[in-house]
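K.L.:
With the input below, show me the fold.
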Amino acid sequence: MKDIIKRYSNGEITVVWQPTLCVHSGICARGLPLVFNPRRRPWIDATAATTAEIVAQVAKCPSGALSIAPAGLAPPAHDSDRE
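P.N.:
The predicted structure follows:
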């Protein structure tokens, strides 16, 4: 199975999502629904909350499917949901 990695940036940080690790607990969507909305495409909007709020919510991800990278160190944003 191909490992897919998706990135969503707000200019300060990049939210990195690895769908193959996701256990779909919904903690992200319940905790910060303006950012994490699985019914929307793309499902992550990293501009919908402060960087601190996003970092705090991503830290609660039980599977490690969500992580944070500094925007300048992450590869260019790519979201295959838009393709």
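K.L.:
show me where pLDDT drops low in this protein?
P.N.:
For the chain, applying pLDDT under 70 flags the ranges 1, 73-83.
K.L.:
Now for Val15, how many residues are close by?
P.N.:
Close neighbours of Val15, defined as other Cβ atoms under 10 Å, add up to 25. C-betas here are computed from N, CA, C, even on glycine.
K.L.:
Ala46 now?
P.N.:
Using other Cβ under 10 Å, Ala46 is surrounded by 22 other residues.
K.L.:
so it makes contact with Lys6?
P.N.:
No. Assessed by Cβ atoms under 8 Å, Ala46 is found out of contact with Lys6, at 11.3 Å.
K.L.:
three-state assignment of the residue most central in space within the chain?
P.N.:
What sits nearest the mean C-alpha location of the chain, by Cα atoms, centre = their mean, is Val15, with 4.0 Å. Using DSSP: H, G, I helix; E, B strand; the rest coil, the secondary structure recorded for Val15 is strand.
K.L.:
Could you list every helix and strand in contact with the lengthiest helix in the chain?
P.N.:
The longest helix of the chain (DSSP state H) is helix 51-58. Under the contact definition 3 or more Cβ pairs under 8 Å, 6 or more residues apart in numbering; DSSP states H and E, helix 51-58 sits against strand 13-17, helix 27-31, strand 66-70.
K.L.:
So which bits of that helix are buried?
P.N.:
Ile54, Gln57, Val58 (16 or more other Cβ atoms under 10 Å).
K.L.:
Pull the contacting residues for the residue lying closest to Glu12 once chain neighbours are set aside.
P.N.:
The shortest distance from Glu12 to any residue other than its chain neighbours is 4.7 Å, reached at Thr51 (Cβ to Cβ, 6 or more residues apart in numbering). Contacts for Thr51 (Cβ atoms under 8 Å, 6 or more residues apart in numbering) come out as Asn10, Glu12, Ile13.
K.L.:
Then Ile44?
P.N.:
Each residue near Ile44 by Cβ under 8 Å, 6+ apart is listed here: Lys6, Tyr8, Val15, Trp17, Val35, Phe36.
K.L.:
Next, format those as TSV and append distance to Cys28.
P.N.:
Converted to TSV, these look like this (distance: Cβ to Cβ, whole Å):
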residue	distance to Cys28
Lys6	13
Tyr8	12
Val15	9
Trp17	9
Val35	8
Phe36	4
